[in-house]
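[1] Structure of the sequence below:
(3 chains)
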Amino acid sequence: MIEQIPQILISGLLSGGILALIALGMNIQYGVGKVFNIAHGEFIMLGAFITYVLYTGAYGISPIITLAVSGPILFLLGFVLYRTLFTSLRTRAPTPAVFEGNSLLAAFGLIFVIQNIALLIWGGRTRLYLWLNSPVYFGGMVFRANRLVALGLAVAICVAFYIFMKRSRLGKAFRAAAQDPAAAGLMGINITLVLALCFGFGAMLAGFAGSLVSMYSSISEVMGLNFAIGAIVVMVLGGLGSIPGSFIGGFITGILGSLVSFYAAPLLAPAYYGLFLILLLVRPQGLLGKR
Amino acid sequence: MRILEGQGVTKNFGGLAAVSNVDFHVDQGEIVGLIGPNGAGKTTLFNLISAALPFKSGEIRFKGKKLNNLKPHQICKMGVARTFQEIKVFANMPVFQNVIVGAFFGKPTRISGADAASEASQALEFVELSEMRAVPVKDLTLVNQKRVEVARALATKPELLLLDELMAGLNITEISEAMELVKRIRDKGITIFMVEHVMKAIMGICERIMVLHHGEKIAEGTPEEIAANKTVIEIYLGEEAHAGS
Amino acid sequence: MDITKSTPRKLLVPGLLLLILIALATLPLYGPLIGVQVYRLFLPTVCFMYIALAVSWAMFSGSTGYMSLAPAAFLGVGMYTMALLREVLPLGVIIIAAGLLSFLIALLVGLVTLRLKGIYFAIFTFGLVVLIGQLVLYYEIHVNAIRGRDIAPTSPENGYYIMLGIAVATLLTAYFIRRSRLGLAMQSIGGNEEAAAHMGINTTMVKVITFAISAIFMGAAGATLAARIVFVDPTMAFNLNYSFMPVLMAIFGGLGQLYGPVIGAPIFALLQYWLSANFARYYSLIFGIILIIAIVYMPGGLAGLLPKLRNRLEGVITKLWKGGKAEQRANT
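    Numbering: from 1, shown residues only, chains lettered A, B, ... in the order given. So this is what the prediction gives:
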């Protein structure tokens, strides 16, 4: 069994990269937009289905190219949702605590809305497409090419986003809005627009993640929930709202998940929750979060 | 008797020392003022005393008992009550209900509903807010909301009352009334430790004043001594000069 | 205390409630006369279950603002308690045991999460139903080698009475907590948690106790439901929908008043029943949209709109009255 360890670890990194991407999107939405989007998993699902439809459709568009479709579509969806629903909630909420609670419940409602629209459109069968499914061997380990490609793209997207947040004006506006929305508003930043944009970006990252997941895994309309739960654990591990935390948390959780999946796959959620429990007892702010 | 004292109290936020090695004391029956420019650490110090924030360095003792690892509700039951800089009233509840919360929960022993109600009424009378007892607090003016906060704190029957910027946002008449209220509270036997920016109030009612600057205690003394203290004048003049430029 | 209400008016609401309760309690007896045959008692039973779920959800989340998404977890625990113990213990004992087990689980969850900021509690409860469901599924498949369990049924009348009893117990508990010190403490926490703590309230314990109490009724309701649907498997017992419906019912009905969830529950229980016949694929979507609209546009729910409607009505009547009087005066 020891020989399997490297395979398990690398496999963990592969899923960890995707988890990091998912957590990154949710952390932006929570850290900046102050909405804990438990419907994030549904955005992932939509991204996955967009890629599925485009690849298995008449034109057989390469899944990599479909990123250019799923990303913007989900960005638009996230932007519009924030601009309408969450901005309404934000202006009507008497305190930030009330906004946090209401937006959480609204996101809860969104889960049912989006999932059921998807079920109406696509019918509810688990789907799978085969693309780049050939095995790749090195160092005594074997991986599917599609998983390697997915990881590479996930890392690339994360890095690109990180640079964007650090260097670009919009990225700085995001960080300003995260720290102090009122002050940022006074600095001339159009807070309503910036918050909606960042929620859109978060949704876009979910769309990317979904497209990437579809490359190597089967998909279904109900796949979102498990991703959301995994992402939550990643967020708590890395620190709620922490963008660097998404990366570290993602990879650690991915490795943990890979270990558990190897020995007892159905116990993945309980394993995640075990980690969750320990974190809440010992270090709720996570690795990089603030107390 | 020193009802409240602290030694070497330090609180860091990341790299920033909000409160730095501060020693302080308040004697029973005194009205002590805590002043300093914005960001000096005054509210932070209050937050450490009332356990709204935790701290590891230094010691704070109330009537000889260490407060370091206690929770706010425990400190309240020991006899320390406070008001807040950003008024933390229960906005959707009526005035009377706000105050009775203090009466019910602020004491170490359980009291009956009837006793709590009468104590709450007394506290409301004391701050002269009895006619407003049924009004939801969010519908009150600022000065009345502050009164509610004070009444609620008084209903916990404290021995020490921490007032955090009670006079902020009040006009001249309201400030005089508030000063009278503070004196009457002290006359009831309650020790008062107050953070304030309104100089007239501080100089007018405090027997002793402490000055914080960048988290450190830089001066302490009677109002006259503080008013004549060169360092203090520089800090405040410097602040004004800065504000004017 | 409103002493301006005369005695007859004070007795009006409790009297009405008592009448409704008697009417409901005796329904199985006269039911067939009005078309409610015994086999039709299932729908009212489900209504009572949702009342219990919605009221107990509102009991905690309504006043403190801490959003629990856990009802489905406790309901599922209750269902499986019944499934596992049906042959071993009397029905009533199992239902109580289900309530107690849910109480203990909620106590644990609360002790871990309610010392922290509200978001941790919410996201922990969000996945709780999936966690427990997967644990049960694993245990059943790998240890017991079965996927679902049959449960010896209880009669429709039994189920009806027990669920009615649970709903009434939930309402009574909610009512008395509201008027008690515990209720005042929770309202204070909802108003401003830091101030509440500084007034001597042990906020963590207050939250934990109330959350745990609210779970009792969810577990008991689950056990009772299981005895009526006679088959459970982990996927349908641990279903996020059972967290969604109580939230929808409580928010739509209104969190400010005790009767808010009581109004909301039957509305959506009946809607779900009727829509699942013809529009099975659509009603969940519609309900999700309604929840979102209710959160944004109906902060007080239906119960919150009623006083406004009444005020408007009174305003109109007063204007007409005064207008009439002014005319009278002008004519004399």
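
[2] Name the helix or strand of chain A that has the lowest mean pLDDT.
    helix A:181-186 (a mean of 75; mean pLDDT, DSSP states H and E).

[3] going on from that one, what's the next piece of helix or strand?
    Later in the chain than helix A:181-186, the nearest helix or strand by DSSP states H and E is helix A:191-216.

[4] for whichever strand or helix holds C:Ile267, packing partners?
    In the assignment (DSSP H and E), C:Ile267 maps to helix C:259-278. Judged by 3 or more CB pairs under 8 Å, 6 or more residues apart in numbering or on different chains; DSSP states H and E, helix C:259-278 is in contact with helix C:42-57, helix C:241-253, helix C:283-297, helix C:301-331. To be clear about C-beta, it is placed using only N, CA and C from the backbone, and glycine gets the same treatment.

[5] Any chance you could list what contacts that helix?
    Contact partners of helix C:259-278, identified using CB atoms under 8 Å, 6 or more residues apart in numbering or on different chains, comprise C:43, C:46-47, C:50-51, C:53-55, C:57-58, C:171, C:245-246, C:248-255, C:282-283, C:286-287, C:301-304.

[6] Now which of these would you call buried?
    Among these, those classed as buried by 16 or more other CB atoms under 10 Å in any protein chain shown are C:43, C:46-47, C:50-51, C:53-55, C:57-58, C:171, C:245-246, C:248-255, C:283, C:287, C:301-304.

[7] ok so, going back, what comes up buried for the helix holding C:Ile267?
    C:259-269, C:272, C:275.

[8] is it possible to export the helices and strands packed on helix C:259-278 to a markdown table including distance to chain A and mean pLDDT?
    Below are those laid out as a markdown table (distance: least, CB to the nearest CB, whole Å; pLDDT from 0 to 100):
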| stretch | distance to chain A | mean pLDDT |
| --- | --- | --- |
| helix C:42-57 | 11 | 95 |
| helix C:241-253 | 6 | 96 |
| helix C:283-297 | 3 | 94 |
| helix C:301-331 | 13 | 75 |
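
[9] So for chain B, which of the ones you listed sits nearest?
    helix C:301-331 (12.2 Å; CB to the nearest CB).

[10] Residue numbers of the stretch 101-250 of chain A in contact with chain C?
    For the stretch 101-250 of chain A, the residues in contact with chain C (CB under 8 Å from any CB of the partner chain) are A:101-102, A:104-106, A:108-113, A:116-117, A:119-120, A:225-226, A:228-229, A:232, A:236, A:240.

[11] switch to 10 Å and redo it
    By CB under 10 Å from any CB of the partner chain, the part of the stretch 101-250 of chain A that sits against chain C consists of A:101-117, A:119-120, A:123-124, A:222, A:225-226, A:228-233, A:235-236, A:240.

[12] Please list only the buried members of these.
    For those, a burial check counting by 16+ other CB under 10 Å picks out A:101-116, A:119, A:222, A:225-226, A:228-233, A:235-236, A:240.

[13] Out of the residues you listed, which are close to chain B?
    Of these, not one also sits near chain B (CB under 10 Å from any CB).

[14] and the angle from the helix holding C:Ile267 to helix C:301-331?
    120 degrees (axes from the mean of the first three to the mean of the last three CA atoms, to 10 degrees).

[15] For the spatially most central residue of chain B, name its beta-bridge partners.
    In chain B, the residue lying closest to the centroid (CA atoms, centre = their mean) is B:Leu163, at 1.8 Å. Beta-bridge partners of B:Leu163, counted by DSSP bridges, are B:Met194.

[16] hang on, it packs against B:Leu154?
    No. Between B:Leu163 and B:Leu154 there is no contact under CB atoms under 10 Å: 11.1 Å.

[17] what do these two both touch?
    Residues touching both B:Leu163 and B:Leu154 (CB atoms under 10 Å, 6 or more residues apart in numbering or on different chains) are B:Ala81, B:Ile185.

[18] ok, the residue of the stretch 51-200 of chain C found nearest chain B - contacts?
    Residue of the stretch 51-200 of chain C nearest chain B, by CB to the nearest CB: C:Gly191 (3.1 Å). Neighbouring residues of C:Gly191 by CB under 10 Å, 6+ apart: A:95, B:88-93, B:97-98, B:101, B:137-138, C:63-65.

[19] Any figure for the gap between it and A:Pro94?
    Distance, C:Gly191 to A:Pro94, by CB to CB, to the nearest Å: 11 Å.

[20] who touches both of these two?
    By CB under 10 Å, 6+ apart, the residues touching both C:Gly191 and A:Pro94 are B:Ala91, B:Asn92, B:Lys138.

[21] could you pull out the strands for chain B?
    Counting by DSSP state E, the segments of chain B that form strands are B:2-13, B:16-27, B:31-35, B:57-62, B:65-66, B:80-82, B:160-164, B:191-195, B:208-213, B:216-221.

[22] Pull up the per-residue confidence for the residue of the stretch 51-200 of chain C closest to chain B.
    As predicted, C:Gly191 sits at a pLDDT of 92.

[23] quick one: low-confidence ranges for chain B?
    Across chain B, the ranges flagged by pLDDT under 70 are B:237-245.

[24] Leaving out chain neighbours, which residue sits closest to the residue of the stretch 51-200 of chain C found nearest chain A?
    Residue of the stretch 51-200 of chain C nearest chain A, by CB to the nearest CB: C:Gly127 (4.1 Å). The shortest distance from C:Gly127 to any non-neighbouring residue, by CB to CB, 6 or more residues apart in numbering or on different chains, is to A:Ile229 (4.1 Å).

[25] Give me the residue at the spatial middle of chain C.
    C:Ala54 (1.7 Å).

[26] Excluding chain neighbours, what is closest to that residue?
    Per CB to CB, 6+ apart, closest to C:Ala54 is C:Pro261, 3.6 Å.

[27] what separates that neighbour from chain A, distance-wise?
    Counting by CB to the nearest CB, to the nearest Å, the gap from C:Pro261 to chain A is 15 Å.

[28] how near is that residue to C:Ala215?
    On the measure of CB to CB, C:Pro261 and C:Ala215 end up 16 Å apart.

[29] can you count the residues close to A:Glu143?
    Rather than Glu, residue A:143 is Phe. 17 (other CB atoms under 10 Å in any protein chain shown).

[30] Spatially nearest residue to it (excluding sequence neighbours)?
    A:Val136 is the one closest to A:Phe143 (CB to CB, 6+ apart), at 5.3 Å.

[31] just to revisit the earlier point, adding pLDDT and distance to C:Leu164 as columns, could you present the buried residues of helix C:259-278 in CSV?
    As requested, those are exported to CSV (pLDDT from 0 to 100; distance: CB to CB, whole Å):
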residue, pLDDT, distance to C:Leu164
C:Tyr259, 88, 17
C:Gly260, 91, 19
C:Pro261, 94, 16
C:Val262, 92, 13
C:Ile263, 90, 17
C:Gly264, 93, 18
C:Ala265, 95, 13
C:Pro266, 94, 13
C:Ile267, 94, 18
C:Phe268, 95, 18
C:Ala269, 94, 14
C:Gln272, 93, 19
C:Leu275, 90, 24
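
[32] Specify which member of the residues you listed is nearest to chain B.
    In terms of CB to the nearest CB, no member of the buried residues of helix C:259-278 lies closer to chain B than C:Gly260, at 15.6 Å.

[33] contacting residues for the closest residue to the closest one other than its chain neighbours?
    Taking CB to CB, 6+ apart, and ignoring the residues beside it in sequence, C:Gly260 has C:Gly254 as its nearest neighbour in space, at 3.1 Å. Shown in contact with C:Gly254 (CB under 10 Å, 6+ apart): C:58, C:62, C:260-264, C:294, C:298-306.
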